[in-house]
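Asker: My questions are about this predicted structure, shown below with the sequence.
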Number of protein chains: 2
Amino acid sequence: MDDHTGYLIIKVAGMAVPAFERALVPLGLNTRQVRVLGFLHGESLSQAELCARTGLDRTTMVAVLDELEQLGHATRERSKSDRRKHVVRITRNGKAAYAKATKKLLRAQEELLQPLAPAERAQLHTLLSRLFDASQACAPEPAAEAVS
Amino acid sequence: MDDHTGYLIIKVAGMAVPAFERALVPLGLNTRQVRVLGFLHGESLSQAELCARTGLDRTTMVAVLDELEQLGHATRERSKSDRRKHVVRITRNGKAAYAKATKKLLRAQEELLQPLAPAERAQLHTLLSRLFDASQACAPEPAAEAVS
DNA sequence: TATTGTTATACTCTATAACTATA
DNA sequence: TATAGTTATAGAGTATAACAATA
């Protein structure tokens, strides 16, 4: 069973996940927090919209935003147009942290892919993209809108 | 961040894991059980040796073997040479179940890799092998011996 | 004293349901 | 009635420690 491609994918991912988590430890962040910050980089979103984009459920999102707020990387305030919603914004500190995190993650990825030549990395990327895109084509999600 | 290779690997693995688990549902098995059965296919091993090969810890192994024993796929008996050890053997039923499971997993893999042409699948396999082997070369584990 | 298998415990993740406030 | 956010709770999964039997 160990020589199957599907098993290899899972094994390599099993190496990647802790590598990325480790890379963020010096910043006091985890990958979930960085992922949420990434979606806030360009626009402010409600928690429900963040859930739709990240795939996290709303109870998890509450915890992640509690953490990001405490770190000073994001803020929550009531929406003026719909007072049920919280507008989540990334702070200046949050943007700086996200930039640092991106660099750390890229370096971790470099290390992970180091056994491959540049052309091979591009090949791998293309092949994985094809697999991922094919699965996304099956279950299309409507994009969420930004909020004021 | 979504366009990074490391993230793609994790995403594709996130598709593969539930696909494999789903493929085994009709057999009443999970991937962990099948993985353990695979190591028993050729030889009988103690629980500690199974742990060394599968990477599962010994408390988890107890639970997995309880399940396999109840399903009639494996047996435990005390080793004659060292009465602390349990010799774990796969049964005839267990071998049959493992054969069926392997077919199911292969079919699930076929489906997962269906977006790629045969040559591309081979390419993907080679690239992932290189990444996996490189990581294994860093942390070599001594192989466990069989037991009577 | 160390090792094997076992049990008990705790801790993390995740999923569900219930509650509030707003619409 | 439905939605957004929150809280509480229960379940699976995993890791740690303690224990009995054996070496």
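Answerer: Great, that's in hand.

Asker: okay, CA-based contacts and neighbour counts for the rest of this
Answerer: Fine.

Asker: residues in chain A within reach of chain B, list them.
Answerer: Contact residues (CA under 8 Å from any CA of the partner chain) of chain A with chain B: A:1, A:5-6, A:8-14, A:16-17, A:35, A:38, A:102, A:109, A:112-113, A:115-116, A:120, A:124-125, A:127-132, A:134.

Asker: All the helices of chain A, residue numbers only.
Answerer: Assigned by DSSP state H, the helices in chain A fall at A:5-24, A:31-40, A:47-54, A:58-70, A:92-113, A:118-138.

Asker: what does the last one contact?
Answerer: Just to be clear, that refers to helix A:118-138. A:113, B:5, B:8-9, B:11-12, B:112-113, B:115-116, B:120, B:124, B:127 (CA atoms under 8 Å, 6 or more residues apart in numbering or on different chains).

Asker: Include pLDDT and distance to DNA strand C when you put the residues you listed into CSV, please.
Answerer: Converted to CSV, these look like this (pLDDT from 0 to 100; distance: CA to the nearest atom of the strand, whole Å):
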residue, pLDDT, distance to DNA strand C
A:113, 96, 25
B:5, 94, 20
B:8, 92, 17
B:9, 93, 16
B:11, 90, 13
B:12, 92, 16
B:112, 94, 21
B:113, 96, 24
B:115, 97, 26
B:116, 97, 28
B:120, 97, 31
B:124, 97, 27
B:127, 97, 27
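
Asker: Give the full set of residues in contact with residue A:13.
Answerer: B:6, B:9, B:10, B:13.

Asker: Now tabulate the contacts of helix A:118-138 in JSON lines and tack on neighbour count and distance to residue B:90.
Answerer: Formatted as JSON lines, the contacts of helix A:118-138 follow (neighbours: other CA atoms under 10 Å in any protein chain shown; distance: CA to CA, whole Å):
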{"residue": "A:113", "neighbour count": "22", "distance to residue B:90": "38"}
{"residue": "B:5", "neighbour count": "22", "distance to residue B:90": "39"}
{"residue": "B:8", "neighbour count": "22", "distance to residue B:90": "37"}
{"residue": "B:9", "neighbour count": "25", "distance to residue B:90": "34"}
{"residue": "B:11", "neighbour count": "19", "distance to residue B:90": "34"}
{"residue": "B:12", "neighbour count": "21", "distance to residue B:90": "32"}
{"residue": "B:112", "neighbour count": "21", "distance to residue B:90": "30"}
{"residue": "B:113", "neighbour count": "22", "distance to residue B:90": "31"}
{"residue": "B:115", "neighbour count": "17", "distance to residue B:90": "36"}
{"residue": "B:116", "neighbour count": "19", "distance to residue B:90": "36"}
{"residue": "B:120", "neighbour count": "15", "distance to residue B:90": "36"}
{"residue": "B:124", "neighbour count": "24", "distance to residue B:90": "33"}
{"residue": "B:127", "neighbour count": "19", "distance to residue B:90": "34"}
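
Asker: centroid residue for chain A?
Answerer: residue A:35 (2.3 Å; CA atoms, centre = their mean).

Asker: Quick check, it in contact with residue A:54.
Answerer: Yes. At 7.3 Å, residue A:35 counts as touching residue A:54 under the criterion of CA atoms under 8 Å.

Asker: which parts of chain A sit against DNA strand C?
Answerer: Within chain A, the positions lying close to DNA strand C (CA under 7 Å from any atom of the strand) are A:57, A:59, A:60, A:81, A:82, A:83, A:84.

Asker: how close does the residue nearest to the centre of chain A sit to residue A:21?
Answerer: 12 Å (CA to CA, to the nearest Å).

Asker: Repeat that for residue A:111.
Answerer: On the measure of CA to CA, residue A:111 and residue A:21 end up 14 Å apart.

Asker: ok, now residue A:119?
Answerer: 27 Å.

Asker: what's the answer for residue A:80, then?
Answerer: 37 Å.

Asker: the more surrounded of these two?
Answerer: residue A:21 (16 against 12; other CA atoms under 10 Å in any protein chain shown).

Asker: outside of stretch A:5-12, which residues touch it?
Answerer: A:1-2, B:9-10, B:12-14, B:16-17, B:109, B:124-125, B:128-129, B:131-132.
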